[in-house]
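Visitor: all I have is the shape, not the residue letters:
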(Lines give C-alpha, C1' and ligand atoms only; values in the text may rest on other atoms or scores of the structure.)
Protein backbone atom coordinates (compact mmCIF):
# COMPACT_ATOMS: atom_id res chain seq x y z
CA UNK A 1 0.00 0.00 0.00
CA UNK A 2 2.71 2.47 1.03
CA UNK A 3 6.14 2.59 -0.59
CA UNK A 4 7.83 5.15 1.67
CA UNK A 5 7.64 6.41 5.25
CA UNK A 6 6.89 9.85 3.83
CA UNK A 7 3.70 8.49 2.23
CA UNK A 8 2.60 7.17 5.64
CA UNK A 9 3.32 10.58 7.19
CA UNK A 10 1.16 12.30 4.58
CA UNK A 11 -1.63 9.79 5.26
CA UNK A 12 -1.35 10.56 8.96
CA UNK A 13 -1.70 14.28 8.33
CA UNK A 14 -4.70 13.74 6.08
CA UNK A 15 -6.57 11.38 8.40
CA UNK A 16 -5.67 12.29 11.98
CA UNK A 17 -8.31 14.98 12.41
CA UNK A 18 -11.11 12.61 11.41
CA UNK A 19 -10.26 10.22 14.28
CA UNK A 20 -9.00 12.73 16.86
CA UNK A 21 -12.31 13.03 18.69
CA UNK A 22 -12.67 9.38 19.68
CA UNK A 23 -10.19 7.56 21.91
CA UNK A 24 -10.67 4.13 20.33
CA UNK A 25 -10.67 5.30 16.72
CA UNK A 26 -7.54 7.35 17.36
CA UNK A 27 -5.63 4.47 18.93
CA UNK A 28 -6.72 2.07 16.21
CA UNK A 29 -5.35 4.59 13.70
CA UNK A 30 -2.04 4.82 15.59
CA UNK A 31 -1.80 1.02 15.43
CA UNK A 32 -2.35 1.10 11.67
CA UNK A 33 0.31 3.80 11.21
CA UNK A 34 2.87 1.87 13.25
CA UNK A 35 1.90 -1.41 11.60
CA UNK A 36 2.50 0.00 8.11
CA UNK A 37 5.77 1.57 9.26
CA UNK A 38 6.94 -1.71 10.74
CA UNK A 39 6.28 -3.62 7.53
CA UNK A 40 8.15 -1.10 5.39
CA UNK A 41 11.10 -1.37 7.79
CA UNK A 42 10.96 -5.17 7.74
CA UNK A 43 10.83 -5.29 3.94
CA UNK A 44 13.88 -3.03 3.69
CA UNK A 45 15.91 -5.12 6.15
CA UNK A 46 14.87 -8.34 4.41
CA UNK A 47 16.09 -6.98 1.06
CA UNK A 48 19.46 -6.16 2.61
CA UNK A 49 19.97 -8.99 5.12
CA UNK A 50 17.50 -11.72 4.29
CA UNK A 51 14.44 -12.97 6.20
CA UNK A 52 14.19 -12.92 10.02
CA UNK A 53 16.36 -15.72 11.46
CA UNK A 54 13.92 -16.72 14.22
CA UNK A 55 10.30 -16.30 15.36
CA UNK A 56 9.86 -12.87 16.93
CA UNK A 57 7.42 -10.23 18.14
CA UNK A 58 7.48 -6.47 17.78
CA UNK A 59 5.84 -4.99 20.87
CA UNK A 60 4.75 -1.57 22.05
CA UNK A 61 5.19 -0.02 25.50
CA UNK A 62 4.25 3.28 27.15
CA UNK A 63 0.98 4.89 26.05
CA UNK A 64 1.05 2.83 22.83
CA UNK A 65 1.40 -0.37 24.86
CA UNK A 66 -1.57 0.72 26.98
CA UNK A 67 -3.59 1.64 23.86
CA UNK A 68 -3.84 5.15 25.30
CA UNK A 69 -2.03 7.40 22.84
CA UNK A 70 -3.20 10.95 22.42
CA UNK A 71 -2.95 13.03 19.25
CA UNK A 72 0.85 12.98 19.45
CA UNK A 73 3.06 10.28 20.89
CA UNK A 74 6.71 9.36 21.17
CA UNK A 75 8.23 5.93 20.51
CA UNK A 76 8.28 3.10 23.07
CA UNK A 77 8.84 -0.33 21.55
CA UNK A 78 10.91 -3.50 21.61
CA UNK A 79 11.61 -6.80 19.86
CA UNK A 80 11.63 -10.23 21.49
CA UNK A 81 12.75 -13.30 19.55
CA UNK A 82 12.85 -17.05 20.12
CA UNK A 83 16.34 -17.99 19.08
CA UNK A 84 20.06 -17.84 19.64
CA UNK A 85 21.72 -14.74 21.11
CA UNK A 86 23.61 -14.27 17.84
CA UNK A 87 20.33 -13.29 16.14
CA UNK A 88 20.23 -10.09 18.15
CA UNK A 89 22.34 -8.23 15.57
CA UNK A 90 19.70 -8.80 12.89
CA UNK A 91 16.87 -7.56 15.10
CA UNK A 92 18.84 -4.52 16.24
CA UNK A 93 19.18 -3.51 12.59
CA UNK A 94 15.42 -3.97 12.24
CA UNK A 95 14.88 -1.96 15.42
CA UNK A 96 16.98 0.92 14.10
CA UNK A 97 15.06 0.95 10.83
CA UNK A 98 11.74 0.97 12.72
CA UNK A 99 13.01 3.85 14.87
CA UNK A 100 13.98 5.95 11.86
CA UNK A 101 10.81 5.13 9.97
CA UNK A 102 8.57 6.04 12.89
CA UNK A 103 10.44 9.34 13.30
CA UNK A 104 9.63 10.23 9.69
CA UNK A 105 5.97 9.29 10.18
CA UNK A 106 5.68 11.61 13.18
CA UNK A 107 6.64 9.71 16.34
CA UNK A 108 9.48 11.36 18.24
CA UNK A 109 12.36 9.17 19.34
CA UNK A 110 12.09 8.20 23.00
CA UNK A 111 14.32 10.40 25.16
CA UNK A 112 14.95 7.43 27.46
CA UNK A 113 15.96 5.23 24.48
CA UNK A 114 13.16 2.71 25.13
CA UNK A 115 13.23 1.48 21.55
CA UNK A 116 14.01 -1.74 19.70
CA UNK A 117 17.27 -0.19 18.48
CA UNK A 118 18.57 -0.45 22.06
CA UNK A 119 19.96 -3.91 23.02
CA UNK A 120 18.18 -3.59 26.37
CA UNK A 121 14.83 -3.74 24.57
CA UNK A 122 15.81 -6.18 21.81
CA UNK A 123 16.60 -9.62 23.22
CA UNK A 124 15.75 -13.30 23.08
CA UNK A 125 12.98 -14.75 25.26
CA UNK A 126 15.62 -16.42 27.40
CA UNK A 127 17.67 -13.25 27.95
CA UNK A 128 14.58 -11.08 28.46
CA UNK A 129 13.45 -13.48 31.18
CA UNK A 130 16.87 -13.28 32.83
CA UNK A 131 16.85 -9.47 32.51
CA UNK A 132 13.37 -9.11 34.04
CA UNK A 133 14.31 -11.43 36.91
CA UNK A 134 17.47 -9.41 37.59
CA UNK A 135 15.55 -6.13 37.54
CA UNK A 136 13.08 -7.46 40.10
CA UNK A 137 15.66 -9.08 42.36
CA UNK A 138 17.90 -6.02 42.20
CA UNK A 139 14.87 -3.93 43.26
CA UNK A 140 16.67 -0.63 42.70
CA UNK A 141 14.66 2.37 41.55
CA UNK A 142 15.86 2.39 37.92
CA UNK A 143 15.65 -1.39 37.57
CA UNK A 144 12.06 -1.42 38.82
CA UNK A 145 11.29 1.53 36.55
CA UNK A 146 12.47 -0.52 33.59
CA UNK A 147 10.30 -3.41 34.70
CA UNK A 148 7.20 -1.23 35.00
CA UNK A 149 7.83 0.11 31.49
CA UNK A 150 8.11 -3.44 30.21
CA UNK A 151 4.96 -4.60 31.96
CA UNK A 152 2.83 -2.09 30.01
CA UNK A 153 3.55 -3.94 26.77
CA UNK A 154 1.54 -5.63 24.04
CA UNK A 155 2.51 -7.33 20.80
CA UNK A 156 1.58 -5.45 17.64
CA UNK A 157 3.16 -7.85 15.14
CA UNK A 158 4.41 -11.40 15.62
CA UNK A 159 4.32 -14.17 18.20
CA UNK A 160 2.20 -12.99 21.14
CA UNK A 161 3.17 -15.95 23.30
CA UNK A 162 6.80 -14.79 23.51
CA UNK A 163 5.87 -11.69 25.51
CA UNK A 164 3.33 -13.65 27.55
CA UNK A 165 6.07 -16.08 28.65
CA UNK A 166 8.20 -13.28 30.08
CA UNK A 167 5.29 -11.66 31.90
CA UNK A 168 4.36 -14.99 33.48
CA UNK A 169 7.97 -15.42 34.62
CA UNK A 170 7.81 -12.00 36.32
CA UNK A 171 4.75 -13.07 38.31
CA UNK A 172 6.69 -16.09 39.58
CA UNK A 173 9.48 -13.83 40.89
CA UNK A 174 7.00 -11.51 42.62
CA UNK A 175 5.22 -14.48 44.21
CA UNK A 176 8.54 -15.60 45.68
CA UNK A 177 9.26 -12.13 47.03
CA UNK A 178 5.91 -10.40 47.75
CA UNK A 179 7.66 -7.40 49.31
CA UNK A 180 8.52 -6.43 45.73
CA UNK A 181 4.99 -5.13 45.29
CA UNK A 182 5.62 -2.56 47.99
CA UNK A 183 8.89 -1.57 46.32
CA UNK A 184 7.11 -1.25 42.98
CA UNK A 185 4.43 0.84 44.64
CA UNK A 186 7.08 3.11 46.15
CA UNK A 187 8.47 3.60 42.63
CA UNK A 188 5.24 5.33 41.56
CA UNK A 189 4.22 6.71 44.94
CA UNK A 190 4.70 10.38 44.06
CA UNK A 191 1.52 12.07 42.86
CA UNK A 192 1.69 15.67 41.69
CA UNK A 193 -0.78 17.81 43.61
CA UNK A 194 -3.40 19.17 41.26
CA UNK A 195 -5.92 20.98 43.47
CA UNK A 196 -5.08 23.57 46.14
CA UNK A 197 -6.55 24.05 49.62
CA UNK A 198 -9.05 26.56 48.24
CA UNK A 199 -10.23 24.18 45.50
CA UNK A 200 -8.24 25.81 42.71
CA UNK A 201 -6.33 23.98 39.97
CA UNK A 202 -2.59 24.17 40.58
CA UNK A 203 -0.53 24.95 37.46
CA UNK A 204 3.24 24.94 37.26
CA UNK A 205 4.51 28.20 38.74
CA UNK A 206 7.87 28.36 37.01
CA UNK A 207 9.84 27.03 34.07
CA UNK A 208 8.88 26.47 30.47
CA UNK A 209 5.35 25.28 31.35
CA UNK A 210 4.56 28.12 33.76
CA UNK A 211 0.79 28.60 34.02
CA UNK A 212 0.09 25.17 32.52
CA UNK A 213 -1.81 22.39 34.27
CA UNK A 214 -0.19 18.95 33.90
CA UNK A 215 -2.86 16.45 32.85
CA UNK A 216 -0.39 13.58 32.74
CA UNK A 217 1.09 13.81 36.23
CA UNK A 218 -1.99 14.92 38.16
CA UNK A 219 -4.70 12.71 36.61
CA UNK A 220 -3.41 10.20 34.09
CA UNK A 221 -0.48 8.72 36.04
CA UNK A 222 -2.47 8.03 39.25
CA UNK A 223 -5.02 6.04 37.22
CA UNK A 224 -2.51 3.95 35.27
CA UNK A 225 -0.21 3.36 38.26
CA UNK A 226 -3.12 2.16 40.42
CA UNK A 227 -4.37 -0.33 37.84
CA UNK A 228 -0.85 -1.51 36.98
CA UNK A 229 0.02 -2.41 40.58
CA UNK A 230 -3.31 -4.19 41.10
CA UNK A 231 -2.71 -6.11 37.87
CA UNK A 232 0.69 -7.24 39.11
CA UNK A 233 -0.91 -8.28 42.40
CA UNK A 234 -3.50 -10.43 40.60
CA UNK A 235 -1.40 -11.66 37.62
CA UNK A 236 -3.30 -9.74 34.96
CA UNK A 237 -1.19 -9.73 31.79
CA UNK A 238 -3.23 -7.27 29.67
CA UNK A 239 -1.64 -3.88 29.21
CA UNK A 240 -4.34 -1.25 28.72
CA UNK A 241 -5.81 0.46 31.77
CA UNK A 242 -9.35 -0.21 30.53
CA UNK A 243 -8.67 -3.94 30.04
CA UNK A 244 -7.18 -4.02 33.54
CA UNK A 245 -10.33 -2.40 34.92
CA UNK A 246 -12.36 -5.10 33.19
CA UNK A 247 -10.20 -7.91 34.56
CA UNK A 248 -10.28 -6.61 38.14
CA UNK A 249 -13.77 -5.22 38.61
CA UNK A 250 -15.21 -8.57 39.77
CA UNK A 251 -12.68 -8.52 42.62
CA UNK A 252 -13.24 -4.85 43.44
CA UNK A 253 -16.78 -3.79 42.41
CA UNK A 254 -16.11 -0.13 43.24
CA UNK A 255 -13.65 -0.03 40.33
CA UNK A 256 -16.62 0.31 37.95
CA UNK A 257 -17.15 3.88 39.09
CA UNK A 258 -13.49 4.74 38.60
CA UNK A 259 -13.52 3.07 35.19
CA UNK A 260 -16.29 5.41 34.08
CA UNK A 261 -14.27 8.37 35.38
CA UNK A 262 -11.21 7.20 33.46
CA UNK A 263 -13.17 6.80 30.23
CA UNK A 264 -14.47 10.34 30.65
CA UNK A 265 -10.94 11.61 31.24
CA UNK A 266 -9.62 9.97 28.07
CA UNK A 267 -12.28 11.77 26.05
CA UNK A 268 -11.80 15.05 27.92
CA UNK A 269 -8.06 14.91 27.26
CA UNK A 270 -8.68 14.56 23.53
CA UNK A 271 -11.16 17.43 23.55
CA UNK A 272 -8.87 19.76 25.48
CA UNK A 273 -5.77 18.96 23.42
CA UNK A 274 -7.25 18.54 19.92
CA UNK A 275 -5.15 21.48 18.71
CA UNK A 276 -1.85 20.42 20.30
CA UNK A 277 1.04 21.27 17.99
CA UNK A 278 3.39 18.49 19.04
CA UNK A 279 4.14 15.78 21.60
CA UNK A 280 5.53 18.24 24.18
CA UNK A 281 2.21 20.13 24.38
CA UNK A 282 -0.21 17.23 24.43
CA UNK A 283 -0.14 16.68 28.21
CA UNK A 284 -0.38 20.24 29.51
CA UNK A 285 -2.97 22.98 29.19
CA UNK A 286 -3.10 26.63 30.21
CA UNK A 287 -5.47 27.06 33.15
CA UNK A 288 -6.57 30.48 31.86
CA UNK A 289 -7.87 28.85 28.67
CA UNK A 290 -10.24 26.52 30.52
CA UNK A 291 -13.94 27.21 30.78
CA UNK A 292 -15.54 27.05 34.23
CA UNK A 293 -17.16 23.68 33.50
CA UNK A 294 -13.87 22.26 32.22
CA UNK A 295 -12.12 23.33 35.41
CA UNK A 296 -14.79 21.63 37.50
CA UNK A 297 -14.44 18.41 35.50
CA UNK A 298 -10.67 18.44 35.93
CA UNK A 299 -10.91 19.06 39.67
CA UNK A 300 -13.21 16.06 39.96
CA UNK A 301 -10.82 13.93 37.91
CA UNK A 302 -7.83 14.91 40.05
CA UNK A 303 -9.66 13.89 43.22
CA UNK A 304 -10.99 10.64 41.77
CA UNK A 305 -7.66 9.57 40.27
CA UNK A 306 -5.78 10.25 43.48
CA UNK A 307 -8.44 8.51 45.57
CA UNK A 308 -8.07 5.42 43.37
CA UNK A 309 -4.29 5.59 43.73
CA UNK A 310 -4.68 5.62 47.51
CA UNK A 311 -7.12 2.70 47.33
CA UNK A 312 -4.59 0.63 45.37
CA UNK A 313 -1.88 1.43 47.91
CA UNK A 314 -4.13 0.27 50.74
CA UNK A 315 -4.95 -3.00 48.97
CA UNK A 316 -1.28 -3.78 48.37
CA UNK A 317 -0.23 -2.91 51.90
CA UNK A 318 -3.00 -5.01 53.42
CA UNK A 319 -2.04 -7.86 51.10
CA UNK A 320 1.50 -7.81 52.50
CA UNK A 321 0.38 -8.39 56.07
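Guide: Yes, it's here. All values reported here derive from a predicted model rather than from experimental measurement. Residues are numbered from 1 along each chain as shown.
Visitor: so which residues of this structure form helices?
Guide: 5-19, 23-49, 62-65, 88-105, 125-138, 141-151, 160-176, 179-187, 215, 221-233, 241-248, 255-272, 292-319 (DSSP state H).
Visitor: what residues of the fifth one count as buried?
Guide: Which is helix 125-138. Neighbour counts over helix 125-138 (16 or more other Cβ atoms under 10 Å) mark 125, 127-129, 131-133, 135-136 as buried. For glycine as for every other residue, the C-beta is placed from the backbone atoms N, C-alpha and C.
Visitor: make JSON lines from the helices of the chain and add mean pLDDT to it.
Guide: Compiled in JSON lines, the helices of the chain are given as follows (pLDDT from 0 to 100):
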{"stretch": "helix 5-19", "mean pLDDT": "96"}
{"stretch": "helix 23-49", "mean pLDDT": "97"}
{"stretch": "helix 62-65", "mean pLDDT": "96"}
{"stretch": "helix 88-105", "mean pLDDT": "98"}
{"stretch": "helix 125-138", "mean pLDDT": "96"}
{"stretch": "helix 141-151", "mean pLDDT": "95"}
{"stretch": "helix 160-176", "mean pLDDT": "96"}
{"stretch": "helix 179-187", "mean pLDDT": "89"}
{"stretch": "helix 215", "mean pLDDT": "89"}
{"stretch": "helix 221-233", "mean pLDDT": "95"}
{"stretch": "helix 241-248", "mean pLDDT": "97"}
{"stretch": "helix 255-272", "mean pLDDT": "93"}
{"stretch": "helix 292-319", "mean pLDDT": "91"}
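Visitor: take these and lay them out in CSV including distance to residue 71.
Guide: Formatted as CSV, those follow (distance: least, Cβ to Cβ, whole Å):
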stretch, distance to residue 71
helix 5-19, 7
helix 23-49, 7
helix 62-65, 11
helix 88-105, 14
helix 125-138, 32
helix 141-151, 22
helix 160-176, 27
helix 179-187, 28
helix 215, 13
helix 221-233, 18
helix 241-248, 18
helix 255-272, 7
helix 292-319, 17
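Visitor: now do the domain split for this structure, please.
Guide: 5-177, 186-319 (automatic domain parsing).
Visitor: just say which of those domains is most tucked in.
Guide: Mean neighbour count (mean count of other Cβ atoms under 10 Å) peaks for domain 5-177 among the domains of the chain, with a mean of 18.
Visitor: gap between that domain and the chain center?
Guide: The chain centre lies 11 Å from the centre of domain 5-177; the measure is Cα atoms, centre = their mean, to the nearest Å.
Visitor: burial check on residue 184, number of neighbours?
Guide: 24 (other Cβ atoms under 10 Å).
Visitor: contacts only, for the closest residue to it other than its chain neighbours.
Guide: Computed as Cβ to Cβ, 6 or more residues apart in numbering, the closest residue to residue 184 that is not its neighbour in sequence is residue 144, at 5.7 Å. Applying Cβ atoms under 8 Å, 6 or more residues apart in numbering, we find residue 144 in contact with 135-136, 183-184, 187.
Visitor: quick check: residue 144 vs residue 118, distance?
Guide: Residue 144 is 18 Å from residue 118, where distance means Cβ to Cβ, to the nearest Å.
Visitor: check the gap between the closest residue to residue 103 other than its chain neighbours and residue 96 for me.
Guide: Closest residue to residue 103 apart from its sequence neighbours, by Cβ to Cβ, 6+ apart: residue 109 at 5.7 Å. For residue 109, the distance to residue 96 equals 11 Å [Cβ to Cβ].
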